[in-house]
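**Student:** kindly return the folded structure for what I paste below:
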Amino acid sequence: MSEFKRIPPEQALALRAQGAVVVDIRDPQAFAAGHINGATHLDNHSVADFIRNADLDAPTLVVCYHGNSSQSAAAYLAGQGFSEVYSVDGGFELWRATYPGETAQGAAE
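**Tutor:** Predicted coordinates:
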């Protein structure tokens with residue numbers, strides 16, 4: 001089983017620029033209020049479809065509010081066969097504070 005890595009927003013930004021997939025596990029209202037540009041909202045209802053359709057070898061960044069819940073979600077994805085999973089330290093709150101221009105608003109599609 002693979003393990004996930006914890007990374008700071010700076011490393012996450014670089015990985016995203018290289019095409020990493022960003023998944024946000026916060027509640028739908030928080031996601032709609034603001035999220036990382038290009039992020040996909042994941043919840044208990046959408047995770048199975050996400051895993052089924054995902055490139056398991058693509059770098060995957062997991063974001064929550066402050067970087068705690070994302071660790072459990074990252075460990076879960078690693079256990080599902082994702083080979084390169086990262087939990088973003090500080091979560092969306094630190095990302096927004098560090099890169100306010102790299103956020104978007106709107107509900108998940």
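
**Student:** all the helices of the chain, residue numbers only.
**Tutor:** Using DSSP state H, the helices found in the chain span residues 9-17, 28-33, 47-53, 69-79, 91-98.

**Student:** quickly list what the residue nearest to the spatial centre of the chain is bridged to.
**Tutor:** Taking CA atoms, centre = their mean, the centroid of the chain lies closest to V62, which sits 2.5 Å from it. Going by DSSP bridges, V62 is paired in beta bridges with V23, S87.

**Student:** residue contacts, it?
**Tutor:** Taking CB atoms under 8 Å, 6 or more residues apart in numbering, we find V62 in contact with 4, 23, 25, 70, 73-74, 77, 85-88. Every C-beta, even on glycine, is put in place using the N, C-alpha and C of the backbone.

**Student:** between these, which is closest to A48?
**Tutor:** L77 (12.0 Å; CB to CB).
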